[in-house]
Structures are given as C-alpha cells and as structure tokens.
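Chemist: structure, please.
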Amino acid sequence: MPAGQPGQARAGQPRPGQPRPGQARPGARPGPAAARPVRRGPRKARLSLARLDPWSVLKLSFLLSVALGIVGVVVTAVVWNVVDGMGVFADVNDIVGQVTGDSDEFDIYSYVGFERMLSLSVVISVANVLILTALATLFAFVYNISSGLVGGLHVTLTDE
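Modeler: This is a model prediction of the structure:
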C-alpha cells in the first residue's frame, strides 16, 4: 500500500486517534512526571488599589457615620443615667448650695438635664454625619488624583 492510502500513517505522523509524541491521550491519567510541582511556603498576591469610587465611599461613610451617631446618642443616654443613678448631680447641687449659701437658686438639672444632653448629642451626631461624609468623599477624590500620579496603594497578601 502506498503511503497516501487511508488506514496508513505517513512517516513521522501518528495514526488517527493516536496522540502525538509528548502529548497525553485524552482521558489518560497523568503520570508522576506530569504532576504539578509542590508549592513551598505561603502564597502571595500583590494587589494595587488604584481607584476609589467616590459614590460608594459617600454611601459607606454615610452609613458608618449614622451608625456612629446612633451609638453616640445611646452612650450619652446610658452615661447620663449612670451618673444620675450614682447621685453625682444631687451632690453637685449640694456642694454649690453650700458654697453660695443658698441651695434653692442653683439647679444643675437645668444645665445638664436628660433632655438637654440627649438633644445636644443628637445635634452633634447630625453634624458629625455631615462632616464625616463630606470628608470621606473629598478623600476619595484626592486619593484618585494622587494614585494617578504615584500608581496607587500596593498591598501584598499572604496565605499564612
């Protein structure tokens, strides 16, 4: 049979369905020589924070500062109740009354009453929300400009 007839392979070419030299058969299990090399030590990944999205920074900073404001109001209420429960305000009234000689004219509760302290805490928290949100968004814009100049923040993460 001549070399060009079907059923026979030409010299140097594999038969149909046979793998080429150095190529594994489909579905064959790799031998020990084809096994992956074993990694030693922790894996490392180098990442670069090149840009901050100002809109997402605005939303996240708003939510975090609202949560911080709620915590501030709750802490103010708890601390005021603890201080009042310990009798500090009554003691301050007594001391001021002894110093001035008239205990009926001065009432510390008119200055540091619960409602006044809580409303002051709410006002400070609202101002804090506005300021923190604006500053975080401004920081995102400044970071994007500076990362364009220097390439961003480079971080290496390891798997230890």
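
Chemist: quick one: buried residues of whichever helix in the chain runs longest?
Modeler: Secondary structure of the chain per DSSP state H: the longest helix is helix 114-150. Applying a neighbour-count criterion of 16 or more other Cβ atoms under 10 Å, one finds 117, 121, 125, 129, 132, 133, 136, 137, 140, 143, 144, 147 buried in helix 114-150. Bear in mind the C-beta positions are built from the backbone N, C-alpha and C, glycine included.

Chemist: wasn't residue 154 part of a strand?
Modeler: Yes - assessed by DSSP: H, G, I helix; E, B strand; the rest coil, residue 154 belongs to a strand.

Chemist: hey, what's it bridged with?
Modeler: residue 48 (DSSP bridges).

Chemist: pLDDT wise, what is it at?
Modeler: Residue 154 carries a pLDDT value of 88.

Chemist: now for it, how many residues are close by?
Modeler: By other Cβ atoms under 10 Å, 11 other residues sit near residue 154.

Chemist: I'd assumed residue 45 was in contact with it.
Modeler: No - counting by Cβ atoms under 8 Å, residue 154 stays clear of residue 45, with 11.3 Å between them.

Chemist: measure the residue nearest to residue 77 when sequence neighbours are not counted to residue 124 for me?
Modeler: Nearest non-adjacent residue to residue 77, counting by Cβ to Cβ, 6 or more residues apart in numbering: residue 118, 6.0 Å away. Relative to residue 124, residue 118 is positioned 11 Å away (Cβ to Cβ, to the nearest Å).

Chemist: find the centremost residue of this structure, please.
Modeler: residue 60 (9.3 Å; Cα atoms, centre = their mean).

Chemist: what is the helix or strand harbouring it packed up against?
Modeler: In this assignment (DSSP states H and E), residue 60 forms part of helix 54-85. Secondary-structure packing of helix 54-85 (3 or more Cβ pairs under 8 Å, 6 or more residues apart in numbering; DSSP states H and E): helix 114-150.

Chemist: okay, the angle between the helix it packs on and helix 54-85?
Modeler: Orientation of helix 114-150 against helix 54-85 (axes from the mean of the first three to the mean of the last three Cα atoms, to 10 degrees) gives an angle of 150 degrees.
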